[in-house]
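Visitor: Got a sequence here, can you build the structure:
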Amino acid sequence: MPNGSYACGIGPAFEVVGGKWKAVILWELREGPLRFGEFRRRIGGLSEKVLIQQLRELEADQLVTRQVFHQVPPRVEYALTDWGHALNVALGPIADWGEAYARATGRWGDLPS
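Guide: This next block holds a predicted model:
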């Protein structure tokens, strides 16, 4: 994350979670660690290249850990750090607001009931 001065906490928070996929990735990790392939199955429209890039950035920002299991075939799991868990708690009300807004405005008809 670049160093900068902020007027409030919104700046650094949105800097680390900004973009289309980071919040989605963090949200998918809320129930526990996931393997790379599980992300690909759960998140439609996310290319492998972008997923790798986003996971690396989240790891660099200390929101996600990457654990390599040396076995055959190799296995890698991603999990939330304490900072990642705390951010997911903060994202919960935003997700609730977004769902209510989407339903009220008819913007996304594919939200789960």
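
Visitor: What separation is there between Gly44 and Lys22?
Guide: Separation of Gly44 from Lys22 (C-beta to C-beta, to the nearest Å): 16 Å. Every residue, glycine included, has its C-beta placed from N, CA and C.

Visitor: between the two, which one's more packed in?
Guide: Set Gly44 next to Lys22 and count neighbours by other C-beta atoms under 10 Å: Lys22 wins out with 20 against 6.

Visitor: what comes up buried for the helix or strand of the chain with the lowest mean pLDDT?
Guide: Least confident helix or strand, the chain: helix 10-17 with a mean of 86, by mean pLDDT, DSSP states H and E. Applying a neighbour-count criterion of 16 or more other C-beta atoms under 10 Å, one finds 16-17 buried in helix 10-17.

Visitor: With only the CA atoms kept, save it in PDB.
Guide: C-alpha atoms of helix 10-17 as PDB (Å, rounded to 0.1, in the frame of the first residue of the first chain):
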ATOM      1  CA  ILE A  10     -11.800   5.700   4.500                       C
ATOM      2  CA  GLY A  11      -8.800   6.400   2.400                       C
ATOM      3  CA  PRO A  12      -6.500   3.600   3.500                       C
ATOM      4  CA  ALA A  13      -9.400   1.100   3.900                       C
ATOM      5  CA  PHE A  14     -10.600   1.600   0.300                       C
ATOM      6  CA  GLU A  15      -7.000   1.700  -0.900                       C
ATOM      7  CA  VAL A  16      -6.400  -1.900   0.200                       C
ATOM      8  CA  VAL A  17      -9.800  -3.200  -0.800                       C
END
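
Visitor: Cool, thanks, signing off.
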